[in-house]
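> any chance you can model this:
(chains A and B)
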Amino acid sequence: MVEKVFLILMVLLAMLSLNTPKLRRAVIYLGILSLASSFIYLLYGAPDVAIAEAIIGSAISTVLYLVALKKYHVFTIYYTNANYNQITDSQITRGRAQVLRDVEKFFAEREMEPQIIYTTHDYRFVLENRNFDLLIHQDFDEVYFYGNKEDYQVDAFEEHVQKEPYDPLRSKFIRHEAGGGK
Amino acid sequence: MTTLNSTLLVISVYIFLVLIRVIMGPTIWDRLLGLNMITAKIIISIIVLAVLTERSYLLDIALVYSVLGFIGTVLIARFVERKGKI
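This next block holds a predicted model:
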């Protein structure tokens, strides 16, 4: 009976950690999952396996997940421009803004993969309906950065923007609650 | 044996109650607190198991659990508090 309750708990936690929108939550769910699984090993009479699972599951793999979470991250950047009605290839290569080049350099130095998406949608539409880490909206000579509130890399980027403003352009940084599109 | 089963069942009901907070919790700190509470509940159920089946080596396992649960909680808390630096 008790075994069955804990097995149900494990299935529930495994599904939760697959479906979570934020990876930090998945680390916590996986910690509880490994605790429950090692208690089940105890109930089935395998205390040695239970000790190994407790050491590997809750100590080593938590550290491993956290380090991996810090190191690797595909960074989704949306770029909208007020005077783009439609986007062509030549516009992207020729009109490649100085801002975007600098953003790419910033993330390349930090060993991350920036994934830049050009869109003709209005920036308010992107803010409400898309899931992003950084939204760059250019309106002639004003640049707005909308950063995801819970992202650690965005913090570093905000400091960078405040240190070196893009000179002819006026830039402004706005923290934004995590996206609408999950 | 019925005492053991009923005690463990009550503790597992508590674990499910805490799990609601872990799933719903608006901030990461609620989830972390829930993780710590579930660790405590599982340690208690190991001790109950050890006492009622008279297997004293299970108490050593409870000791290992408590130390490792502490380390895991502290690491996640440091990670969130110091913004990605462990």
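> when you work out contacts or count neighbours from here on, use the C-alpha atoms and nothing else.
OK.
> mind telling me what element A:Ile136 is part of?
For A:Ile136, the host element (DSSP states H and E) is strand A:134-139.
> what pairs with that strand, parallel or antiparallel?
Sheet pairing for strand A:134-139, assigned by DSSP bridges, gives strand A:74-81 (parallel), strand A:142-148 (antiparallel).
> can I get these in JSON lines with mean pLDDT and mean neighbour count?
Rendered in JSON lines, the data for the strands paired with strand A:134-139 read as follows (pLDDT from 0 to 100; neighbours: other Cα atoms under 10 Å in any protein chain shown):
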{"stretch": "strand A:74-81", "mean pLDDT": "74", "mean neighbour count": "18"}
{"stretch": "strand A:142-148", "mean pLDDT": "74", "mean neighbour count": "19"}
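> in JSON lines: those strands, plus distance to A:Tyr29.
Shown next, in JSON lines, are these (distance: least, Cα to Cα, whole Å):
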{"stretch": "strand A:74-81", "distance to A:Tyr29": "22"}
{"stretch": "strand A:142-148", "distance to A:Tyr29": "23"}
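> and the residue nearest the centre of chain B, what does it touch?
Chain B has B:Thr39 as the residue nearest its centroid, 1.0 Å off, counting by Cα atoms, centre = their mean. For B:Thr39, the contacting residues are A:32, A:35, B:65-66, B:69, by Cα atoms under 8 Å, 6 or more residues apart in numbering or on different chains.
> following the helix or strand where it lies, which helix or strand comes up?
For B:Thr39, the host element (DSSP H and E) is helix B:28-53. Downstream of helix B:28-53, the next assigned helix or strand under DSSP H and E is helix B:58-81.
> so what's the residue count around B:Glu81?
12 (other Cα atoms under 10 Å in any protein chain shown).
> next one: A:Leu18
12.
> which residue sits farthest out from the middle of chain A?
Farthest-from-centroid check, chain A (Cα atoms, centre = their mean): A:Gly45, 40.9 Å.
> any idea how far the helix or strand hosting B:Ser12 is from the chain center?
Element membership of B:Ser12, judged by DSSP H and E, is helix B:2-24. The chain centroid and the centroid of helix B:2-24 are separated by 11 Å, computed with Cα atoms, centre = their mean, to the nearest Å.
> what does chain A have sitting close to chain B?
Residues of chain A lying close to chain B by Cα under 8 Å from any Cα of the partner chain are A:1-2, A:5-6, A:9, A:25, A:28, A:31-32, A:35-36, A:39, A:47, A:50-51, A:54-55, A:58-59, A:62-63, A:66-67, A:70, A:152.
> make a ChimeraX selection of the buried ones in those.
Those of these that count as buried under 16 or more other Cα atoms under 10 Å in any protein chain shown are selected in ChimeraX with:
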select /A:2,6,9,25,28,31,32,35,36,39,47,50,51,54,55,58,59,62,63,66
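> many thanks, I have nothing further to ask.
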